[in-house]
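Q: how would this look folded up:
(one chain, ligands or ions: 1)
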Amino acid sequence: ATKMALRAGLRSKRGLTGVAVMRMQSPPVNSLNLELLTDICIALEKLEMDKSCRGLIITSNQPKVFSAGLDILEMYGKSPEHCGEFWKAVQEMWLKFYGSNLVTIAAINGSSPAGGCLMAMTCDYRIMADNPRYSIGLNETQLGIVAPFWFKDTLMNTVGHRTTEMALELGLLYSPAEALKIGMVDQLVPEDQVLTTATEAMTKWLAIPDHARQITKSMIRKPTIDKLMSNREDDVKNFVKFISKDSIQKSLGVYLEMLKKRKA
Ligand SMILES: CCCCCC/C=C/CC(=O)SCCNC(=O)CCNC(=O)[C@H](O)C(C)(C)COP(=O)(O)OP(=O)(O)OC[C@H]1O[C@@H](n2cnc3c(N)ncnc32)[C@H](O)[C@@H]1OP(=O)(O)O
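A: Reported below is the predicted structural model:
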């Protein structure tokens, strides 16, 4: 199966042009493995260079899940070299999305824990399906792992300092209604309207002249991006050291077992 479907230059009946729709389709739960992350980065890079493209909507082709976050199997029982490569790809995805010149809208049509939530938060606007069975948040501490500073910064820039303390320390996963209340998502709609609402929202964002919007976005996000840019290698080393610890590997193993048992 292809990992991603990309429809660029969408032309709708409402005359919306220059908008690409990226649909993640990595069964069963769009966990972000090296391959999917690489595919996403290459696609975004191409769109970024395509002068006819002004906006990107990212969504999921998998039922009930936007993205299950980072693929735990890329961090569990793998060599330090592999973990390092994987982490560079996670950094790359974040840098490309957070710093994108395009208008980016996340059409969150299912659960979006951890790395999935991070990916949604890099976008300019988030629309989530109003289904109480779905959840979103940075739940890393529940796995016994610590979200790196740039995950924390992204959350803090989205929901503020105090909410970040609670959300990150407790590893909270929020229902769509709770996520709307704290500002983690911007709008809730019935599940079958997520994509059409994203398209409507895109029209509003595209009404702003690109250069003014892009410079403003960059002014707001640049300090956060620069922080990772100037610490990329240390961040990789830090990750590899942390994830290779026996205690962390054990926690990940226990968590994977729990996921399988929950299913049974
Ligand atoms: C110094 C730096 C420190 C490191 C910081 C690293 C930060 C990490 C951030 C992360 O993103 S870690 C990943 C966190 N993700 C989660 O906790 C989500 C776990 N998954 C779920 O809660 C559920 O799967 C779901 C997304 C709500 C979907 O539920 P559903 O019932 O539809 O599907 P399941 O039956 O639970 O899962 C199907 C299948 O997929 C496997 N799986 C699920 N999530 C992951 C994952 N993130 N990575 C790898 N595999 C995953 C799950 O075990 C099932 O496998 P099988 O039993 O079918 O083999």
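
Q: going forward, measure contacts between C-alpha atoms and count neighbours the same way
A: OK.

Q: and Asn231, what does it touch?
A: If a contact means Cα atoms under 8 Å, 6 or more residues apart in numbering, then Asn231 has no contacts.

Q: quick check on it: phi, psi?
A: Main-chain dihedrals, Asn231, degrees, to the nearest 10: phi -130, psi 20.

Q: distance of it from Gly99?
A: 16 Å (Cα to Cα, to the nearest Å).

Q: can you check Glu257 too?
A: Relative to Gly99, and taking Cα to Cα, Glu257 is found at 36 Å.

Q: the more surrounded of those two?
A: Gly99 (18 against 12; other Cα atoms under 10 Å).

Q: so what's the more buried one up against?
A: Ser218, Arg221, Lys222, Ile225.

Q: buried subset of the residues you listed, written for ChimeraX?
A: The ChimeraX command for the buried members of the contacts of Gly99 (criterion: 16 or more other Cα atoms under 10 Å) is given here:
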select :218,221,225
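
Q: which pLDDT does the model give Leu143?
A: pLDDT for Leu143: 89.

Q: just Ser12 next, same as before
A: pLDDT, Ser12: 38.

Q: okay, and which of the contacts of Gly99 map to helices?
A: Filtering the contacts of Gly99 for membership in helices, criterion DSSP state H, returns Ser218, Arg221, Lys222, Ile225.

Q: go ahead and confirm the second one touches Phe97.
A: In other words, Arg221. No - the pair Arg221 and Phe97 does not pass the contact test of Cα atoms under 8 Å, sitting 11.0 Å apart.

Q: so where's the stretch 1-150 of the chain uncertain?
A: Applying pLDDT under 70 to the stretch 1-150 of the chain picks out residues 1-16.

Q: for the ligand, what are the nearby residues on the stretch 1-150 of the chain?
A: By Cα under 6 Å from any ligand atom, the part of the stretch 1-150 of the chain that sits against the ligand consists of 28-29, 31, 65, 68-73, 111, 113-115, 140, 145-148.

Q: drop anything exposed from those residues.
A: Buried, going by 16+ other Cα under 10 Å: 29, 31, 65, 68-72, 111, 113-115, 140, 145-147, out of these.

Q: which SS state does Met128 fall under?
A: strand (DSSP: H, G, I helix; E, B strand; the rest coil).

Q: can you tell me how far it is from the ligand?
A: Shown here: Met128 relative to the ligand, a distance of 15 Å by Cα to the nearest ligand atom, to the nearest Å.

Q: so what's that residue up against?
A: Ala107, Ile108, Asn109, Gly110, Pro176, Val185, Asp186, Gln187, Leu188, Val189, Glu191, Val194.

Q: turn those into JSON lines, columns for secondary structure and neighbour count.
A: Shown next, in JSON lines, are those (DSSP: H, G, I helix; E, B strand; the rest coil; neighbours: other Cα atoms under 10 Å):
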{"residue": "Ala107", "secondary structure": "strand", "neighbour count": "30"}
{"residue": "Ile108", "secondary structure": "strand", "neighbour count": "32"}
{"residue": "Asn109", "secondary structure": "coil", "neighbour count": "28"}
{"residue": "Gly110", "secondary structure": "coil", "neighbour count": "27"}
{"residue": "Pro176", "secondary structure": "helix", "neighbour count": "26"}
{"residue": "Val185", "secondary structure": "coil", "neighbour count": "24"}
{"residue": "Asp186", "secondary structure": "coil", "neighbour count": "14"}
{"residue": "Gln187", "secondary structure": "strand", "neighbour count": "22"}
{"residue": "Leu188", "secondary structure": "strand", "neighbour count": "20"}
{"residue": "Val189", "secondary structure": "strand", "neighbour count": "18"}
{"residue": "Glu191", "secondary structure": "helix", "neighbour count": "16"}
{"residue": "Val194", "secondary structure": "helix", "neighbour count": "22"}
